[in-house]
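Novice: heads up, no residue letters with this:
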């Protein structure tokens, strides 16, 4: 039986790549790995050798908490950021509820837009959209008009790609990018804002099927089942520890801390440390802080800069955000900006945190508060299309509020989300938003 993301040979190969990204020399380790592959007399022996080699790599891995520029403790992160928290006055209840509802709707619409072309490279996305007369993208993706030869070369995302096509949309289909906001909402409802990382782990094991997780989350899930506690759950056999997984989990923590990005980032940290370290962890803090600010601000650059305050300034993720922030002054077109991002960050895996956060930031800036332009730009940019569409849609949807979102993007959702989470299938989006707003408003009143 072969299960993606936890196969030992695959884990070793990604771990060697991760070691290099951390700035360590993996030449000798690669040589030793090649020797082990050559000496293995059977797939079973190679599998056993791979696990042993991986455990040795994990045992000697640089502990992120000990690094200066990229710490993985909350105290270390806040210390190197060194900026006093900026808190905006909380908005009135009706205003806030509208903003949070806009965030939930925008996240669903953006995720739905990017879902059919997840895993397809940027060049393939352009070929598909051009064939259907949909380039540049301006609405949900269709397969009408696309020659069979192209459809055969670029099969839709097998998980729910067909359900996400314009002609088939009935609601927001099941997706991990929507599961985690609902899961974290349930944790806040049951444990309150004082929840611990262990509450997150318990919610995963109780409500989330293991094969509805991917990359770092799947590894952390298995580590939880083996009785490990955070932060070991994020470190053992986890080469995906700086990938995008945590970045898609921070929205609710921003929504329940409207105008208080520091509080949002603090909550997000408790979630991120279950499965991620360093730049993977920072992605969630960044998104949560942006969403907290988006509840009260309306200008994309200001929202991005509020999130940047919670990124260690010398970290690779902060560098990627600053690079994206610099693009509008030198690149007048969206395609030119994306070309620059691929030149700078194209070496990363398509679901890494660093390249994807740079694309999200650029899409927010070039979209300039226009929902359609923002989500369409980020999906045309490739990499993790549904996750990036979800995050951009969430930020812009929150800035605009539900009443200012275009009906043509929202009506097809039919106010409904399918989910593999226990107790959340067929959830009503406005109900989720109302429950989120209730937590936010109770916090402010308290």
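Specialist: Yes, it's here. Since the model is a prediction, treat every value here as computed from it, not as a measurement.

Novice: just the pLDDT for residue 60.
Specialist: Predicted confidence (pLDDT) at residue 60: the value is 68.

Novice: same check on the one 5 residues further on?
Specialist: What the model reports as pLDDT for residue 65 is 52.

Novice: how about the one 4 residues further on?
Specialist: At residue 69 the predicted local distance difference test score is 92.

Novice: I'd like the distance between the closest residue to it other than its chain neighbours and residue 322.
Specialist: Excluding the flanking residues, the one nearest residue 69 by Cβ to Cβ, 6 or more residues apart in numbering is residue 314, at 3.9 Å. Placement of C-beta: from N, CA and C, glycine included. Going from residue 314 to residue 322 by Cβ to Cβ, to the nearest Å gives 11 Å.

Novice: neighbour count for the two, which is higher?
Specialist: Remark: of residue 314 and residue 322, residue 322 carries more neighbours, 16 against 12, as counted by other Cβ atoms under 10 Å.

Novice: got the phi and psi for the more buried one?
Specialist: Phi and psi for residue 322, reported as degrees, to the nearest 10, are phi -60, psi -40.

Novice: that one is in contact with residue 308, isn't it?
Specialist: Yes - in this structure residue 322 lies within contact range of residue 308 using Cβ atoms under 8 Å: 7.4 Å.

Novice: dump the residue contacts of the residue nearest the centre of the chain.
Specialist: For the chain, the residue nearest the mean C-alpha position is residue 248 (2.8 Å; Cα atoms, centre = their mean). By Cβ atoms under 8 Å, 6 or more residues apart in numbering, the residues touching residue 248 are 176, 177, 180, 287, 387, 390, 391.

Novice: and the first one, how many neighbours?
Specialist: If I follow you right, that is residue 176. For residue 176, the neighbour count with other Cβ under 10 Å is 23.

Novice: if I read this right, it contacts residue 210, doesn't it?
Specialist: No - Residue 176 is not in contact with residue 210 according to Cβ under 8 Å; the separation is 12.0 Å.

Novice: residue ranges in the stretch 51-200 of the chain under the pLDDT threshold?
Specialist: Scanning the stretch 51-200 of the chain for pLDDT under 70 picks out 60-66, 157-160.

Novice: quick one, helices of it?
Specialist: 74-81, 93-114, 122-131, 148-153, 176-191, 197-207 (DSSP state H, counting those that start in this stretch).

Novice: got JSON lines for those helices, with distance to residue 259 too?
Specialist: Shown next, in JSON lines, are those (distance: least, Cβ to Cβ, whole Å):
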{"stretch": "helix 74-81", "distance to residue 259": "19"}
{"stretch": "helix 93-114", "distance to residue 259": "9"}
{"stretch": "helix 122-131", "distance to residue 259": "36"}
{"stretch": "helix 148-153", "distance to residue 259": "47"}
{"stretch": "helix 176-191", "distance to residue 259": "17"}
{"stretch": "helix 197-207", "distance to residue 259": "24"}
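
Novice: just name the most buried of those helices.
Specialist: Mean neighbours per residue, mean count of other Cβ atoms under 10 Å, is largest over the helices of the stretch 51-200 of the chain for helix 93-114, with a mean of 26.

Novice: tell me what that one is packed against?
Specialist: Where contact means 3 or more Cβ pairs under 8 Å, 6 or more residues apart in numbering; DSSP states H and E, helix 93-114 is packed against helix 176-191, helix 251-255, helix 278-294, helix 371-380, helix 385-400, helix 407-410, helix 429-445.

Novice: nearest to residue 214, of those helices?
Specialist: Proximity to residue 214 (Cβ to Cβ) singles out helix 176-191 among these, at 6.4 Å.

Novice: quick one: the closest one to helix 93-114, angle?
Specialist: Compare the direction of helix 176-191 with that of helix 93-114 by axes from the mean of the first three to the mean of the last three Cα atoms, to 10 degrees and you get 150 degrees.

Novice: what lies in contact with helix 176-191?
Specialist: So helix 176-191 is in contact with 104, 107-108, 111, 172, 195, 199-200, 203-204, 207-208, 212-214, 217, 248-249, 251-253, 256, 271, 386-387, 390, 417, 419-421, 423-424, 427, 432, 435-436, 439, going by Cβ under 8 Å, 6+ apart.

Novice: try 6 Å this time
Specialist: 111, 195, 199-200, 203, 248-249, 251-252, 386-387, 390, 417, 419, 421, 424, 436, 439 (Cβ atoms under 6 Å, 6 or more residues apart in numbering).

Novice: could you report the neighbour count for the nearest residue to residue 376 once chain neighbours are set aside?
Specialist: In space, and not counting its chain neighbours, residue 376 is closest to residue 137: 4.2 Å by Cβ to Cβ, 6+ apart. Neighbours of residue 137 under the rule other Cβ under 10 Å: 22.

Novice: roughly how far does residue 137 sit from residue 128?
Specialist: For residue 137, the distance to residue 128 - Cβ to Cβ - is 10 Å.
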